[in-house]
Structure formats: C-alpha cells, structure tokens
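# using only what follows, build the 3D model:
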Amino acid sequence: MRIGGGIEKPYSNPDEWYKLVSELGYRAVLAPVDYRASREEKQAYLQCVREHDLVIGEVGVWKNVISLDNDERRTAMEYSINQLELADELGAYCCVNITGSRGEIWDGFYRDNYSKDTYALVIDSIREIIDAVKPKRTFYTIETMPWMVPDSPDEYLQLIQDVDRKAFGVHLDFVNMINCPKRYLFCDEFIEECFTKLGPHIKSIHGKDVIMENAYTTLIHETMPGKGIINYQKVAVLCESLGPDTSLFVEHLPNFESYMKAASYVREQAALAGVKTA
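Have a look, this model is predicted:
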C-alpha cells in the first residue's frame, strides 16, 4: 500500500517538490505538473519519481465534460484528452475526473444528473476521451460521487459494461458514496462491498473520513482520517488485497500540516493492521 496526498505548498522544480513529498512521507504522488508543462519539465519530474521509487497514482482533470454550456464542455473535453495523454506519458495509474453535472455548479447535485439523456452523454464523453488517446499505460477513471453517476458499486459495474472500453477503470472514493444513514451505520460492510465488487477495476483510491450528526435531517460531513468512523485498519487490509503498490490519497485538507497528520494516521493504522506502506 502506498500513501499519498496533496501538498499545499509551492514548488518550482523537482528537488523542491521531492523535499515536500519526503517530509510528508508519501510513497505515491499526484502528478506534479499538467499537460502544459514542457517535455523537459515532465521528464525531470519523471526522473525524480523513478530515482526515489515513487509511483504517480493520479493525473487529475476536475472539469465538467457534460456541462450545459457548450463552450465549457468543449474546453473540458480538450483538457481531459490532454490530461489522459499526460497520464499515459508518465505511466500514471490513472487519469481521474467525475462524470460532471447538468447545472451551474460543475460538481453539483441536480435532478438531471440522473436522467437517461445525461447517462447517454456520460457514456459518450468517456468513450470520446478514451478513443481520442487510446492509452497503453494508464486508465481513464471516474471518481465515485454522492449525487451523480456512479454513486454505488453496482452502478459503477453497469457503467463499465456500458462504456465498454478496456482503458476504463475505477477510481474509488468510498466516503463519497456514504450518502445515507444505512451506509453510514454499516460503513464497514459497505466499504468491503466496494472492494469486493470493484476490486479488479480499481486504479486508485481516496482516503477520507465521515461523521454524521444526531439530527432529524441527515447531515453527513466529510472529515480527515481519524476524526470520523472509518476503520482505517480494515481499509489498509482491503487496499493491500489489491496489491502492495495500491495508492491511497488523503485529500480535501487545508494545509501542509493537515496532510502530514492525516497521512501519518493512515500509516499508523496500516502498521497496526500489519500492512506495509512501501
């Protein structure tokens, strides 16, 4: 199991970048540049990754490829294709995006996110991105989400079947799918279901935590690992079952110190479970 995450400190070259990565104790990293970097810059970072036995777990997109705005959608598709090409060039585990939303907020919750027409558009957009690149060393993946496709393991399996592309994989964020009291109260069972059903397709994983308020309306909050109810010893064992180089990235934290604390907690829990963190 390899743990990584955000950095939240500036860097301008591979040496500065690796110093921060090393301080955080990361053994998996997010791509340190996007596709607009020069070939020389990409190769310099890639050489640094190889020299220090790191893996590039993810190249991010985070654009709305099914936007209602045609110009936004076109720009997002171009960026996605370029980022997937970068992921293939770097040999990253995956290039990751969300399916997108049919509203003003790129990752927002809307009724139309679940319409038949939107599902068809999702399928078409994923195929178009993959077919434009035909990646040989990486996968295009969709991060599981609370309020858009895919929001369950079964829905992701159906998406894989419908997309029907070998270069389409899974990006697992189990916390994002803990979107109701039953999944919260039975989160151990739900997380195991995610790994059991999606395991062969999982390319990278996000590690967060979750806590629910005792109120008469359902209020479920994301928090950092160790501040909620997720059993990270169990998560570590499940990650290790996919292979020793499986990448898990802590995310959505405000600063360098928070990332250091979260990554340290996950490493400690993995050690308690007898799982090596590379």
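# shaky segments in the protein?
In the prediction, the chain carries no residues with pLDDT under 70.
# name the helix or strand for H171, please.
Following DSSP states H and E, one finds H171 within strand 168-172.
# ok, that strand: who's next to it in the sheet?
strand 140-143 (parallel), strand 202-207 (parallel) (DSSP bridges).
# residue ranges for the strands of this protein, please.
Along the chain, the stretches classed as strands by DSSP state E are 2-5, 28-30, 55-60, 94-97, 140-143, 168-172, 202-207, 209-212, 220-223, 247-250.
# highest average neighbour count across these?
strand 94-97 (a mean of 29; mean count of other Cβ atoms under 10 Å). C-betas here are computed from N, CA, C, even on glycine.
# so what strands line up beside that strand?
Here, using DSSP bridges, strand 94-97 pairs with strand 55-60 (parallel), strand 140-143 (parallel).
# which residues does H52 contact?
Residues near H52 by Cβ atoms under 8 Å, 6 or more residues apart in numbering: 18, 21-22.
# of those residues, which belong to helices?
Taking DSSP state H, the ones among the contacts of H52 that sit in helices are 18, 21-22.
# which among those residues count as buried?
By neighbour count, with 16 or more other Cβ atoms under 10 Å, the ones in helices among the contacts of H52 hold 18, 21 as buried.
# got JSON lines for the strands paired with strand 168-172, with distance to E189 too?
Formatted as JSON lines, the strands paired with strand 168-172 follow (distance: least, Cβ to Cβ, whole Å):
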{"stretch": "strand 140-143", "distance to E189": "22"}
{"stretch": "strand 202-207", "distance to E189": "18"}
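# ok, which of those comes nearest D53?
Checking the strands paired with strand 168-172 against D53 by Cβ to Cβ gives strand 202-207 as the closest, at 17.7 Å.
# check the offset of the closest one from the chain's centre.
Taking Cα atoms, centre = their mean, to the nearest Å, the mean C-alpha location of strand 202-207 is offset from the chain mean by 5 Å.
# so for stretch 56-65, first residue to last residue, what's the gap.
Stretch 56-65 has an end-to-end distance of 24 Å (Cα to Cα, to the nearest Å).
# check stretch 23-43 too.
End-to-end for stretch 23-43, by Cα to Cα: 23 Å.
# mind checking how far it is from the chain centre?
16 Å.
# which stretches of this structure form helices?
Under DSSP H, the chain gives helices at 14-24, 39-51, 70-90, 116-133, 153-163, 181-185, 187-198, 232-241, 256-272.
# just those: most buried one?
When those are compared using mean count of other Cβ under 10 Å, helix 232-241 is most buried, at a mean of 21.
# what residue, apart from its backbone neighbours, is nearest H171 spatially?
Excluding its sequence neighbours, the residue lying closest to H171 (Cβ to Cβ, 6 or more residues apart in numbering) is T141, at 3.9 Å.
# show me the beta-bridge partners of the one you found.
With DSSP bridges as the rule, T141 is bridged to V96, G169.
# quick one: contacts for L68?
Contacts of L68 (Cβ under 8 Å, 6+ apart): 102-103.
# relative to E8, which of the strands paired with strand 168-172 is closest?
strand 202-207 (16.1 Å).
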